[in-house]
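Enquirer: one predicted model, sequence on top.
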Amino acid sequence: MSATASAGAAPAAPVELRKPPRLKGGWPLIGHTIAFARDPVSLLQRAYDECGRVAQFKLAGKSVTVFTEPEAHESLFRHPDEVLNATEAYKMMIPVFGKGVVYDTTPARMMEQLHMLYPALRNKRMRTYTEIIAEETLAMIASWGNEGELEACDFFGVLTSYTSSRCFLGREFRNEMSEEFAHVYADLEGGIVPIAYINAHLPIPAFRKRDRARERLGEMVSTIIARRKARGVTGEDFIQTLMDSTYSDGTALTDHEITGILIANMFAGHHTSSVTTTWSLIELLRNPEYYEKVCAEVRGRFGGGETYTFESMRDVECTEWSIKEALRIHPPLFMLFRTAMEDCEVYGHFVKRGDWVCVSPIVAHREEAVFKDALRYDPDRYGPGREEDRRPFAYVSFGGGRHKCLGNAFALLQMKVIMSVLLNHYDFELVGDPITTDFERVVLGPKPPIHVRYKKRS
């Protein structure tokens, strides 16, 4: 068997390639679809355990090949969109982002749309976001008093909806529409479930809520745009960046396009932050020794009443490592897909046109050859002398290649600021039932309720 493309270029002569080993079991025609719908992570882990670093199974009539290990990730991520296409693989997101936006346009147009956000992610703007995130976090805990209890999933979901809406959509949106936004955005995210990979238009309640939420969010964004234009007002936020942007042909973005691009970036800036901040606190409280280490770092830096600034966030390395380790163990996206647009070679294996290929961060991050004691929570693995995430394409919580998450710097900054503010003012402890992962969503978070007790530092 030979391939016609390899890393974007056809080989000089046909190359004999291996067929990916197939996972046992499955049903005629539908393959492993039922097992995937029930517990996709268990299916992925079983594929790795039985087949190794390259494994293939059948999903809704398509062959899906999973590649696991840094070199395999690199082989996959370095293929151009003309060979392995992200747009085709994520058609499930079209109802969320909207028609003609991101995954419902050409790869070149999609890259133009996403790159329009670069000005909003530069240092000058990031400095502004640091102050906003700290201000919103302090406002959230202002009424806590000396001690109490919170449900962590709900708390961080609300907090990050406030911080994200203000950074993305501006102060007027935060002040006037944030409460409704939290509900609308929750319905939008609720439509991102594993079954959407198979059919994103089934007549189920989650999808109906998703579609109503997308329409309403478009109306809310259009209101802000119209108001700013009428008043001649500008803002230091993501929406203003998009309002000021044009395509290479000089065409301005429509309100619909602005809304879709903002939603795409919010998924990185909000949901990753919400879920991972929850996991970060959980893992710190499960590991008291490192909890004390992070608390000492934060309180040593901010305990004297210093303000939370963009520069100061560089001084809380242990805090950053704790977040990165939570992201490694609990990556929000457990599968990163591409569709083969032509017969091609990935990591020495033949991939047929129309098949799906993917990287699974949650499986890849358990590889002992890459991460020592991979199942153990160990933030120091990112410290000097170890730096296990420095190996190219080993740490893939934010993806890799040209489609690596644009909002990763914003998401990481947001989580560091929130954790620094909380740990500087309060002590925390877990209470209640054992914690498990909620596998019913595409974005993997802890299964609520997560009860946390807090007590103000003297």
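Expert: Cool, the structure landed.

Enquirer: residues contacting K91?
Expert: Residues near K91 by Cβ atoms under 8 Å, 6 or more residues apart in numbering: 103-104, 200. For glycine as for every other residue, the C-beta is placed from the backbone atoms N, C-alpha and C.

Enquirer: tabulate those residues in a markdown table, adding columns for secondary structure, distance to G190 and pLDDT.
Expert: Output for those, formatted as a markdown table (DSSP: H, G, I helix; E, B strand; the rest coil; distance: Cβ to Cβ, whole Å; pLDDT from 0 to 100):
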| residue | secondary structure | distance to G190 | pLDDT |
| --- | --- | --- | --- |
| Y103 | helix | 19 | 88 |
| D104 | helix | 21 | 90 |
| A200 | coil | 13 | 90 |
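
Enquirer: which one of those residues is nearest L253?
Expert: Of all these, D104 has the smallest distance to L253: 14.6 Å, by Cβ to Cβ.

Enquirer: and the closest one, how far is that from Y90?
Expert: From D104 over to Y90 the distance is 10 Å, taken as Cβ to Cβ, to the nearest Å.

Enquirer: more neighbours: which of those two?
Expert: Y90 (22 against 18; other Cβ atoms under 10 Å).

Enquirer: in contact with that one, which residues?
Expert: Neighbours of Y90 in contact, by Cβ under 8 Å, 6+ apart: 103, 337.

Enquirer: ok, the one 4 residues further on next?
Expert: By Cβ under 8 Å, 6+ apart, the residues touching I94 are 103-104, 200.

Enquirer: same thing but 7 Å
Expert: Contacts for I94 (Cβ atoms under 7 Å, 6 or more residues apart in numbering) come out as 103-104.

Enquirer: over to it: give its phi and psi.
Expert: As for I94, its main-chain torsions (degrees, to the nearest 10) stand at phi -60, psi -40.

Enquirer: kindly report the same for V431.
Expert: Note on V431: its backbone torsions stand at phi -140, psi 160 [degrees, to the nearest 10].

Enquirer: and L150, by the same measure?
Expert: Per-residue torsions, L150: phi -130, psi 160 (degrees, to the nearest 10).

Enquirer: what's around Y118, how many residues?
Expert: 11.

Enquirer: before we move on, what about R46?
Expert: Here the number of neighbours of R46 (other Cβ under 10 Å) works out to 19.

Enquirer: got a list of what it touches?
Expert: Contacts of R46 by Cβ under 7 Å, 6+ apart are L23.

Enquirer: next SSE after the lengthiest helix in the chain?
Expert: If you go by DSSP state H, the chain has its longest helix at helix 205-231. Counting by DSSP states H and E, the next helix or strand C-terminal to helix 205-231 is helix 238-243.

Enquirer: off-centre distance for stretch 39-56?
Expert: Between the centre of stretch 39-56 and the centre of its chain there are 22 Å (Cα atoms, centre = their mean, to the nearest Å).

Enquirer: I misspoke; the intended subject was stretch 51-71.
Expert: So, by Cα atoms, centre = their mean, the centroid of stretch 51-71 is 21 Å from its chain's centroid.

Enquirer: how about residues contacting stretch 294-302?
Expert: Stretch 294-302 has contacts (Cβ under 7 Å, 6+ apart) with 284, 308, 312, 315-316, 318-319, 322, 420, 423-424.

Enquirer: now the strands for the stretch 101-250 of the chain?
Expert: Counting by DSSP state E, counting those that start in this stretch, the segments of the stretch 101-250 of the chain that form strands are 147-151.

Enquirer: same question, the stretch 351-458 of the chain
Expert: Counting by DSSP E, counting those that start in this stretch, the stretch 351-458 of the chain has strands at residues 356-359, 426-431, 437-438, 445-446, 451-456.

Enquirer: ok, and what's touching the second one?
Expert: Residues from elsewhere that reach strand 426-431, judged by Cβ under 7 Å, 6+ apart: 149, 281-282, 285, 451-457.

Enquirer: do the last one as well
Expert: Residues from elsewhere that reach strand 451-456 (Cβ under 7 Å, 6+ apart): 144, 146-152, 281, 425-432.

Enquirer: buried subset of the residues you listed?
Expert: Buried subset of the contacts of strand 451-456 (neighbour count, 16 or more other Cβ atoms under 10 Å): 150, 152, 281, 425-426, 428, 430.

Enquirer: farthest pair in those residues?
Expert: The largest separation in the buried ones among the contacts of strand 451-456, counting by Cβ to Cβ, is between H425 and L430 at 18.2 Å.

Enquirer: so how far is the longest helix of the chain off the chain centroid?
Expert: With Cα atoms, centre = their mean, you get 22 Å for helix 205-231.

Enquirer: what helices or strands is it leaning on?
Expert: Contacts defined by 3 or more Cβ pairs under 7 Å, 6 or more residues apart in numbering; DSSP states H and E place helix 205-231 against helix 94-97, helix 171-190, helix 238-243, helix 255-266.

Enquirer: hmm, who's touching the longest one?
Expert: Residues outside helix 171-190 that contact it (Cβ under 7 Å, 6+ apart): 96, 158, 161-162, 165-166, 206, 209-210, 212-214, 216-217, 220, 224, 271.

Enquirer: count of residues packed around the closest residue in space to M110 that isn't next to it in sequence?
Expert: Spatial nearest neighbour of M110, excluding adjacent residues (Cβ to Cβ, 6 or more residues apart in numbering): V102 at 5.3 Å. By other Cβ under 10 Å, the residues close to V102 number 24.

Enquirer: I am finished for the moment; much appreciated.
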